[in-house]
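Trainee: okay, structure incoming, though there's no sequence with it:
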């Protein structure tokens, strides 16, 4: 009898144990509230054990555990957890945090504004067709109307495809410039290895590809124009499609239905095209060497007409309005749309937009009629005018529609790509900065509506050597030094740290280049390859400071040294001290702030730099965050206990470790957190970034973009955050080493900024802990 009972207990124990293991992940956060109930079951188990104590083969521990499992099952049933791990009770508890965002008009799902526009065409009915070389989520070519996202041209992403810089449409088809690279698929039509097709691809007006006889590519919708260089201009009139082939110095003409070439003629460096009411072509002849840009006038057959526009500096887009006036996007210092009467000889009769664009008035301040980095212009049949600003070095999309009188009717923004935000410490989370933008927050408003785009902080005309024009920074720290604001930027590979100051009297909202750290190059020679910056040392690493206040990299402004070349991370503490980790045994570098110079630039030197050893538990040191107020150091990296598999240079590592009293010798770890990390070499799971704020440590994973929140005192896991329904429960990968930044506000609320470049935004989590 007792033996049969023992066997039955064993069987029940195994089944219950397996069952409970499936349910446990769903209720981990409720363990505190059930501990009391479990203790009651445990006391009962020990009492009932006496019933079977006479049998030596019965295991006391297993009996107690069995009763505990039954207790857990009872509790799970009471809180409504079913066998598929989903609560069987309704309603679903409200989330304990809000997911908001900045930088994009829309939150995600099917709707987002692409991260830049390099070509644009406006149809008579006000539909806007766009093109760009790359959008992370695949909207290289978008369709917009009435301030809304309508669709995208399909299949422009992946399979070695990318978009282009030109697009046009008629009443039946859309034509986009694109590139098709080689794909190893012999059963389908792709270029051979090492070959690119620079094409015009045809779509219907809904965004689906429209194949044609003799069409190329996997779906027969591609017209190959060149194997050497991209298509640079497109326009249609009647049944003719005009295509600029700049590399060949030719304008090619095709039938819009058959897509067969009808003729071609010679034009020097042809670019963007528009057609006037007489059927003649206006074509931007791009600047070529010493030959300045101009706008030429041609008949459809290729005859060059006498009219020509030469009083332009950098024309980037062109269109004809309903009055048969020529609209030219002038991307030089004027930053305006120039308006020409073209009935006889072209005469400039007006402008649209503020003189000097965003650099007029208060420099950098965003206003309705202040443009910056123009890439598109168009007009509809009602006389409305459309302008796209792309910033400089592909800052992001700012598409605006105006009435003919200049009233802003709508604006679409897609400002972020590989970027993250930080808050001005003086603003209590209200003023946010990204690498090129400033935002003002109003947290009383709904998610996604809390931000206002206030300033564009890059001025390429006054500061042409601004590092943001020559590099690709992607992470922001905002600090106050002696009460003054500074922005620090690094890049995806942590090869540099850039420093910017502000002077509202001389530069308004513009971030002024003030300094820069660059590490030693692993291959020797110059730290920064190429011709920029001028006068940099021939070897080793350097610190540049703008000693004469002109924002240029001049002779005599470099402090030089040489060090281990492989950087693990950067940090700027609240005092303004700079910290750097190197992936070696004596891998911590501390650059104490030496004050501000007469121009307000922070001073750092190699002579004042302090070297500190890497704690012996680390084999590969990565991130560093030092809190001078409490003398607390947080370090991350791969450790002796949890070594790296492969060499993923951008991740946090396997552990985050806290050290108290860091400035004292031989500081010991207070705790060690093992974070999600790659154990297989497949890089399916890894932690991209970390940030310390208030009483918590925040970390975010690469592929799932899941935020882990740990108690800073104990190292215990407190909470996880995932993108909520406000952003369609989705996020792209975290691509950058500083893809998370956390801030605690004065009311105890935490703001957690997370990179989300798939849909051109930064996610903002709001929560109280």
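Mentor: Right, received. Where do you want to start? A quick note: this is a predicted structure, and the numbers were derived from the prediction, not measured.

Trainee: for the strand or helix carrying residue 621, buried residues please.
Mentor: Of the helices and strands defined by DSSP states H and E, residue 621 is found in strand 618-627. Neighbour-count burial for strand 618-627, counted by 16 or more other Cβ atoms under 10 Å, picks out 618, 619, 620, 621, 622, 623, 624, 625, 626. Backbone N, C-alpha and C define where each C-beta goes, glycine included.

Trainee: biggest separation within the residues you listed, which pair?
Mentor: Farthest pair in the buried residues of strand 618-627 (Cβ to Cβ) is 619 and 626. Separation: 21.0 Å.

Trainee: whatever helix or strand residue 440 lives in - what's its average pLDDT?
Mentor: Secondary structure assigned from DSSP H and E places residue 440 in strand 437-441. For strand 437-441, mean pLDDT rounds to 98.

Trainee: how about the closest residue to residue 374 other than its chain neighbours, what does it touch?
Mentor: In space, and not counting its chain neighbours, residue 374 is closest to residue 329: 4.0 Å by Cβ to Cβ, 6 or more residues apart in numbering. Contacts for residue 329 (Cβ atoms under 8 Å, 6 or more residues apart in numbering) come out as 315, 316, 317, 318, 337, 374, 375, 376, 377, 387.

Trainee: so where do the strands sit in the stretch 451-600 of the chain?
Mentor: For the stretch 451-600 of the chain, applying DSSP state E, counting those that start in this stretch gives strands covering 451-456, 473-481, 484-491, 496-501, 512-518, 541-545, 558-561, 567-572, 578-582, 588-591.

Trainee: one step back: what strand or helix carries the residue nearest to residue 374?
Mentor: strand 325-330.

Trainee: buried residues in that strand, which are they?
Mentor: Buried residues in strand 325-330, counting neighbours by 16+ other Cβ under 10 Å, are found at 325, 326, 327, 328, 329, 330.

Trainee: okay, and the beta partners of the fourth one?
Mentor: Taking DSSP bridges, one obtains residue 318, residue 338 as the residues bridged to residue 328.

Trainee: got the confidence number for it?
Mentor: Model confidence at residue 328, given as pLDDT, is 98.

Trainee: for residue 205, see how far away it is.
Mentor: According to Cβ to Cβ, to the nearest Å, residue 328 and residue 205 sit 27 Å apart.

Trainee: what of residue 348?
Mentor: Using Cβ to Cβ, which is the criterion applied here, residue 348 is 34 Å from residue 205.

Trainee: how about residue 237?
Mentor: For residue 237 relative to residue 205 (Cβ to Cβ), the value is 18 Å.

Trainee: so where's the stretch 651-769 of the chain uncertain?
Mentor: Scanning the stretch 651-769 of the chain for pLDDT under 70 picks out nothing.

Trainee: show the contacting residues for residue 183.
Mentor: Each residue near residue 183 by Cβ under 8 Å, 6+ apart is listed here: 159, 160, 190, 191.

Trainee: next: residue 736.
Mentor: Going by Cβ under 8 Å, 6+ apart, residue 736 touches 418, 420, 474, 475, 492, 650, 688, 689, 755.

Trainee: now residue 542
Mentor: Residue 542 touches 517, 518, 527, 536, 558, 559, 560, 561, counting by Cβ under 8 Å, 6+ apart.

Trainee: and if you look at residue 201?
Mentor: Neighbouring residues of residue 201 by Cβ under 8 Å, 6+ apart: 153, 156, 175, 176, 178, 209, 217, 221, 222, 223.

Trainee: wasn't the third one part of a helix?
Mentor: Which is residue 175. No. Counting by DSSP: H, G, I helix; E, B strand; the rest coil, residue 175 is not part of a helix but strand.

Trainee: where do the helices of this structure begin and end?
Mentor: For the chain, the helices defined by DSSP state H occupy 2-23, 31-49, 60-79, 504-507.

Trainee: which parts of the shortest one are buried?
Mentor: Which is helix 504-507. For helix 504-507, burial by neighbour count (16+ other Cβ under 10 Å) applies to residue 507.

Trainee: find the pair from the contacts of residue 736 with maximum spatial separation.
Mentor: The widest separation within those (Cβ to Cβ) is 13.7 Å, between 420 and 650.

Trainee: and those two? which has more neighbours close in?
Mentor: residue 420 (26 against 17; other Cβ atoms under 10 Å).

Trainee: for the residue nearest to the more buried one when sequence neighbours are not counted, give me its contacts.
Mentor: Nearest residue to residue 420, sequence neighbours excluded (Cβ to Cβ, 6+ apart): residue 755, at 4.7 Å. By Cβ under 8 Å, 6+ apart, the contact list for residue 755 reads 418, 419, 420, 474, 734, 735, 736, 739, 740, 762, 763.

Trainee: for residue 656, same thing?
Mentor: By Cβ under 8 Å, 6+ apart, the neighbours of residue 656 are 623, 634, 635, 636, 672, 673, 675, 690, 697, 699, 710.

Trainee: quick one: the strands in the stretch 251-400 of the chain?
Mentor: With DSSP E, counting those that start in this stretch as the criterion, the stretch 251-400 of the chain has strands spanning 261-266, 270-275, 281-285, 294-298, 304-309, 315-320, 325-330, 336-341, 347-352, 374-379, 385-389, 397-402.

Trainee: out of these, nearest to residue 430?
Mentor: Taking those one by one with Cβ to Cβ, strand 397-402 is closest: 22.1 Å.

Trainee: which of the helices and strands in the protein ranks last by mean pLDDT?
Mentor: helix 31-49 (a mean of 40; mean pLDDT, DSSP states H and E).

Trainee: relative to residue 530, how far out is residue 469?
Mentor: Distance of residue 469 to residue 530, given as Cβ to Cβ: 13 Å.

Trainee: point out where the chain drops to low pLDDT.
Mentor: 1-95.

Trainee: 50 instead?
Mentor: Scanning the chain for pLDDT under 50 picks out the ranges 1-6, 9-10, 12-13, 15-90, 92.

Trainee: in JSON lines: the contacts of residue 755, plus distance to residue 546.
Mentor: Putting the contacts of residue 755 into JSON lines (distance: Cβ to Cβ, whole Å) gives the following:
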{"residue": "418", "distance to residue 546": "26"}
{"residue": "419", "distance to residue 546": "24"}
{"residue": "420", "distance to residue 546": "25"}
{"residue": "474", "distance to residue 546": "22"}
{"residue": "734", "distance to residue 546": "32"}
{"residue": "735", "distance to residue 546": "30"}
{"residue": "736", "distance to residue 546": "26"}
{"residue": "739", "distance to residue 546": "29"}
{"residue": "740", "distance to residue 546": "30"}
{"residue": "762", "distance to residue 546": "28"}
{"residue": "763", "distance to residue 546": "34"}
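
Trainee: just these: which are in strands?
Mentor: Judged by DSSP state E, strands contain the following of those: 474, 740, 762, 763.

Trainee: and these, which two are the farthest apart?
Mentor: 474 and 763, at 15.2 Å, using Cβ to Cβ across the ones in strands among the contacts of residue 755.

Trainee: more neighbours: these two, which one.
Mentor: Between residue 474 and residue 763, counted using other Cβ under 10 Å, the more crowded position is residue 763 (31 against 24).

Trainee: quick one: contacts for that one?
Mentor: Here residue 763 is in contact with 99, 100, 101, 705, 723, 727, 731, 753, 754, 755, 756 (criterion: Cβ under 8 Å, 6+ apart).

Trainee: now it: how far from residue 616?
Mentor: Counting by Cβ to Cβ, the separation of residue 763 from residue 616 is 37 Å.

Trainee: just residue 412 next, same as before
Mentor: 54 Å.

Trainee: more neighbours: these two, which one.
Mentor: More crowded of residue 412 and residue 616, by other Cβ under 10 Å: residue 412, with 23 against 9.

Trainee: you'd agree that one is up against residue 115?
Mentor: No. Assessed by Cβ atoms under 8 Å, residue 412 is found out of contact with residue 115, at 12.0 Å.

Trainee: which residues do the two both contact?
Mentor: In contact with both residue 412 and residue 115: residue 397, using Cβ under 8 Å, 6+ apart.

Trainee: residue contacts, the closest residue to residue 471 other than its chain neighbours?
Mentor: Nearest residue to residue 471, sequence neighbours excluded (Cβ to Cβ, 6+ apart): residue 491, at 6.3 Å. Going by Cβ under 8 Å, 6+ apart, residue 491 touches 471, 472, 473, 474, 475.
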